[in-house]
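> What shape does this take:
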Amino acid sequence: MKQLIKIASLKQCLALCAVLLCSLCWVTDATAAPAKSKPNAQSLDRIVAIVNDIVITQSELDEALKAAKKQLEASNIAIPPANLLHKQVLDQLINRKLQLYVAEQAGMKVTDEQVNKVIADIAQKNKLSVKDLYVQVVHSGLDVKEYQKEIREELTIQQVQQQEVGGHIVVTPQQVDDFMRSADWQAFNNKEYHLEDILIALPENPTPQDVATAKKKAEDVLAQIHKGTSFKEAATEESGSSGALQGGDLGWRQLPQIPSAFADQLVHMKQNDILGPVQTPNGFHLVKLTGLRSVGQPKDNNVERKQVEQLLYQRKFEEEVQTWITKVRSAAFINLHPEG
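This is a model prediction of the structure:
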């Protein structure tokens with residue numbers, strides 16, 4: 001089951017490069033600012049990280065930070081302190097580079113035709129021609145070539161995730177039957193839950209000390225939220241998930257999409273209640289229920305079974321991708337600030 005890029009609005013479309021893990025690598029426009037002296041230019045392009053044989057430069061990180069700030073401002077999320085934002089953006093940039101590295105080592109290629117098709121689909125969904133979409137991209141301050149590059153990289157990441165993770169996931173008929181017979185599904189199958197999540201991540205094969213440290217940090221974050229820090233702000237500053245820079249927003253989900261570690265308790269929560277810390281293989285989660293709504297359910301049992309199967313697959317896929325990224329990262333050579 002390949003996950004396709006779906007853009008619900010023109011605003012999301014134009015922000016795609018920022019949303020995709022906030023890792024833009026736009027080329028600095030030399031005409032956009034006064035000329036700088038040679039020492040400053042050298043400083044701008046210094047190496048801030050080496051990931052396997054991939055170099056991340058200061059200018060690349062700066063552009064990713066700019067994109068992250070724009071995204072946070074557009075979402076009305078407070079921008080965290082510079083050191084915390086720097087860490088979050090660099091971590092996500094490293095994760096992105098690692099996935100692209102795995103894809104390159106596997107010889108994966110995304111064709112121009114695939115990129116053009118996705119862009120055409122985005123334009124069609126927003127009732128625009130591709131030419132008009134590009135005009136909007138330029139007016140928003142994005143570079144068309146970089147926009148295309150980010151589409152290509154996202155498709156590449158989807159490909160490598162599907163190969164490394166998706167192809168190994170199986171949802172059996174028995175698992176579908178068991179879920180559909182569960183008390184929660186019988187009682188709440190017409191509900192959707194809007195969730196926000198903070199993950200205090202654990203490394204691969206954590207020690208008891210790693211677990212204790214992560215749990216204590218999760219408890220400290222929860223205490224700060226109870227003292228008045230907004231959940232979105234805490235997620236932006238502290239979460240180790242890929243959605244940290246979206247304030248931990250997981251969007252609207254039905255029960256089969258929600259990890260079983262949360263689902264049983266979430267169905268009995270009220271809006272704005274916070275669950276956790278809850279331990280999973282990836283770490284300790286704090287989960288906030290920000291909204292609840294009713295949805296229609298298929299009357300045809302076969303259609304409902306197919307829907308449940310797809311949602312259970314998505315749940316497993318997201319969990320396994322996070323585990324896979326942790327594994328890839330633990331096996332990688334990562335040298336931070338090699339010149340600083």
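
> When you work out contacts or count neighbours from here on, use the C-alpha atoms and nothing else.
Fine.

> Could you report the neighbour count for the residue nearest to Glu304 when sequence neighbours are not counted?
Nearest non-adjacent residue to Glu304, counting by Cα to Cα, 6 or more residues apart in numbering: Pro298, 5.6 Å away. By other Cα atoms under 10 Å, 12 other residues sit near Pro298.

> Pro298 against Lys306, yeah?
No - Pro298 lies out of contact with Lys306 (Cα atoms under 8 Å); the separation is 10.2 Å.

> Counting by contacts, list what the helix or strand where Arg293 lies packs against.
With secondary structure defined by DSSP states H and E, Arg293 is part of strand 283-294. Strand 283-294 sits against strand 191-201, helix 208-226, strand 274-280, with contacts defined as 3 or more Cα pairs under 8 Å, 6 or more residues apart in numbering; DSSP states H and E.

> With respect to Ala235, which of those lies nearest?
strand 191-201 (5.2 Å; Cα to Cα).

> and the closest one, which strands flank it?
Here strand 191-201 has these sheet partners by DSSP bridges: strand 249-253 (antiparallel), strand 283-294 (antiparallel).

> Report the secondary structure state of Leu312.
helix (DSSP: H, G, I helix; E, B strand; the rest coil).

> quick revisit: compute the inter-axis angle for the strand holding Arg293 and strand 274-280.
130 degrees (axes from the mean of the first three to the mean of the last three Cα atoms, to 10 degrees).

> SS state for the residue positioned nearest the centre of the chain?
In the chain, the C-alpha nearest the mean C-alpha coordinate belongs to Ser242, at 3.4 Å (Cα atoms, centre = their mean). Judged by three-state DSSP, the three-state class of Ser242 is coil.

> I'd like to know how far it sits from Gln163.
19 Å (Cα to Cα, to the nearest Å).

> before we move on, what about Val170?
Val170 is 14 Å from Gln163, by Cα to Cα.

> Equivalent analysis for Phe333, please.
Distance from Phe333 to Gln163, by Cα to Cα: 22 Å.

> coming back round to it: pLDDT value on the residue nearest to Glu304, please?
Note for Pro298: predicted pLDDT of 70.

> Helix, strand, or coil at it?
From three-state DSSP, the assignment for Pro298 is coil.

> quick one, phi psi at it?
Main-chain dihedrals, Pro298, degrees, to the nearest 10: phi -60, psi 140.

> what do you get for Asn272?
phi 80, psi 0.

> Quick check: it touching Thr290?
Yes - Asn272 is in contact with Thr290 according to Cα under 8 Å; the separation is 5.0 Å.

> name the helices or strands packed onto the helix or strand harbouring Ala235?
Secondary structure assigned from DSSP H and E places Ala235 in helix 231-238. Contact here means 3+ Cα pairs under 8 Å, 6+ apart; on that basis helix 231-238 packs against helix 82-105, strand 191-201, helix 208-226.

> Okay, angle between the last one and strand 283-294 too, please.
With the same axes, to 10 degrees as the basis, helix 208-226 and strand 283-294 are set at 40 degrees to each other.

> Tell me the buried residues in helix 208-226?
211, 214-215, 217-219, 221-222, 225 (16 or more other Cα atoms under 10 Å).

> ok, back up a step: arrange the helices and strands packed on strand 283-294 in a markdown table, one row each, with distance to Ser59 and mean pLDDT as further columns.
Formatted as a markdown table, these follow (distance: least, Cα to Cα, whole Å; pLDDT from 0 to 100):
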| stretch | distance to Ser59 | mean pLDDT |
| --- | --- | --- |
| strand 191-201 | 28 | 93 |
| helix 208-226 | 32 | 95 |
| strand 274-280 | 36 | 91 |
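
> Serialize these to a markdown table and add fields for distance to Thr57.
Shown next, in a markdown table, are the helices and strands packed on strand 283-294 (distance: least, Cα to Cα, whole Å):
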| stretch | distance to Thr57 |
| --- | --- |
| strand 191-201 | 26 |
| helix 208-226 | 30 |
| strand 274-280 | 34 |
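
> Out of the ones you listed, which is closest to Gln322?
strand 191-201 (9.8 Å).

> what bits of the chain have low per-residue confidence?
Counting by pLDDT under 70, the chain has low-confidence residues at 1-44, 338-340.

> Report the residue ranges of every domain in it.
Domain ranges of the chain: 10-164, 173-331, per automatic domain parsing.

> and the last one, how far out from the chain's middle?
Meaning domain 173-331. Distance of domain 173-331 from its chain centroid, counting by Cα atoms, centre = their mean, to the nearest Å, is 13 Å.

> Do me a favour and get the end-to-end distance for it?
35 Å.

> what's the answer for stretch 52-59, then?
Start-to-end, stretch 52-59 (Cα to Cα) is 19 Å.

> one step back: between Asn272 and Thr290, point out the one with more neighbours.
Thr290 (17 against 14).

> quick one, what contacts that one?
Residues counted as contacts of Thr290 (Cα atoms under 8 Å, 6 or more residues apart in numbering) are 193-196, 271-273.

> quick one: which of those residues is nearest to Lys232?
Of those, the one sitting nearest to Lys232 (Cα to Cα) turns out to be Glu196, at 7.7 Å.

> For that closest one, give the beta-bridge partners.
Asp249, Lys288.

> my read: it touches Leu275, true?
No - Glu196 lies out of contact with Leu275 (Cα under 8 Å); the separation is 10.4 Å.
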